[in-house]
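**Student:** have a look; sequence and predicted model below, questions after that.
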Amino acid sequence: RQPFGMFFVMVKPDSIFEKLLAIATMAPFFIVCSLVTLIIRCRELLTITWLTGQLINEVTNFVLKRAFKQKRPDGAPKVGFDDHGMPSNHSQFMGFFVVFAILVLTLRVRIHRVLKNVCILFVVTLTLTVCYSRTELGFHTVDQVVAGLIFGALFGLIWFVFAHWFLFPKYPMIVRSFFGQLLLLRDGTNVDDVVAFEHQAYFKASASSTYIHSILCSQV
């Protein structure tokens, strides 16, 4: 096996399947980048809550690994300073992600049922693919991956319940607060379709600007 691009993964040079798994196994990094980008772009409180939970989940994995002190399987690729493998960091990340995503899609997001089911199917498939890649590429044993998935799913459930009772109800107050207005935070809970809502806002602003421009030009 040889290194594959920038993914810190060893794959067989002639195996397209392992190269695809190498890309899939980096999904947690892509997800974090996506959440950070969404926060910068949209300032949505739900996304901030989501990323905060994912980061706390990472801290719990760090603690659990040092509590179990179980080594990775023999021949596992070197991944920096961390030789502990129980529980799998990637599978715990994806366990949190899939549970929180399903609960958000089921209870918080207002989209067509078919689209909602497609999104749920996608996150479940992605999670299972990442978990499979961790054993197939030699990073973890099956037990380490399963343990990570269980810990992550459990913490994802706990974090959503905590957010449901203590954070979500405070969203309106946070948005109206001084820092909420300063940082342009927003809560899309009562918006059925955020994309359509933003489109209409841009359309109205553009139409208003065009109307004012036409009036000014007519007076010249």
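**Tutor:** Received the coordinates, thanks. The structure displayed is predicted, hence computed values, not measured ones.

**Student:** which other helices and strands does the helix or strand where Phe17 lies contact?
**Tutor:** Using DSSP states H and E, Phe17 falls within helix 16-24. Other helices and strands packing on helix 16-24, by 3 or more C-beta pairs under 8 Å, 6 or more residues apart in numbering; DSSP states H and E, are strand 10-11, helix 113-136. Yep, even glycine has a C-beta here, placed from its N, CA and C like the rest.

**Student:** buried residues in it?
**Tutor:** Buried residues in helix 16-24, counted by 16 or more other C-beta atoms under 10 Å: 18-19, 21-22, 24.

**Student:** now swap in stretch 166-177 and tell me
**Tutor:** Buried positions in stretch 166-177, judged by neighbour count with 16+ other C-beta under 10 Å: 167-168, 171, 174-175.

**Student:** strands of the chain, residue ranges please.
**Tutor:** 2-3, 10-11 (DSSP state E).

**Student:** surely Val145 and Ser91 touch.
**Tutor:** Yes: with contacts counted by C-beta atoms under 8 Å, Val145 reaches Ser91, the gap being 4.6 Å.

**Student:** more neighbours, these two?
**Tutor:** Counted by other C-beta atoms under 10 Å, Val145 and Ser91 do not tie: Ser91 has more neighbours, with 31 against 26.

**Student:** what's the distance between the more buried one and Gly156?
**Tutor:** As judged by C-beta to C-beta, to the nearest Å, Ser91 and Gly156 stand 12 Å apart.

**Student:** swap in His84?
**Tutor:** Plainly put, His84 is 22 Å away from Gly156 if you go by C-beta to C-beta.

**Student:** the closest residue to Ala101 other than its chain neighbours and Val104: what is the separation?
**Tutor:** Closest residue in space to Ala101, ignoring its immediate chain neighbours: Val123 at 4.7 Å, by C-beta to C-beta, 6 or more residues apart in numbering. Val123 sits 10 Å away from Val104, going by C-beta to C-beta.

**Student:** center of this structure - which residue?
**Tutor:** Ile31 (4.3 Å; C-alpha atoms, centre = their mean).

**Student:** so what pLDDT did the nearest residue to that one once chain neighbours are set aside get?
**Tutor:** Excluding its sequence neighbours, the residue lying closest to Ile31 (C-beta to C-beta, 6+ apart) is Phe97, at 6.3 Å. Model confidence at Phe97, given as pLDDT, is 96.

**Student:** my guess is Phe97 contacts Val124, does it?
**Tutor:** No: if you go by C-beta under 8 Å, Phe97 and Val124 don't touch, sitting 10.5 Å apart.

**Student:** who has more neighbours out of the two?
**Tutor:** Neighbours were tallied for Phe97 and for Val124 using other C-beta under 10 Å; the higher tally belongs to Phe97 (26 against 14).

**Student:** what sits against the more buried one?
**Tutor:** Going by C-beta atoms under 8 Å, 6 or more residues apart in numbering, Phe97 touches 28, 31, 54, 123, 127, 152, 156.

**Student:** the fourth one is in contact with Ile102, isn't it?
**Tutor:** Read that as Val123. Yes: judged on C-beta under 8 Å, Val123 makes contact with Ile102 at a distance of 6.9 Å.

**Student:** any residues in contact with both of these two?
**Tutor:** Going by C-beta under 8 Å, 6+ apart, no residue sits against Val123 while also sitting against Ile102.

**Student:** shaky segments in the chain?
**Tutor:** Counting by pLDDT under 70, the chain contains low-confidence residues at 1-11, 76-82, 191-199, 201-203, 205-220.

**Student:** great, nothing more from me.
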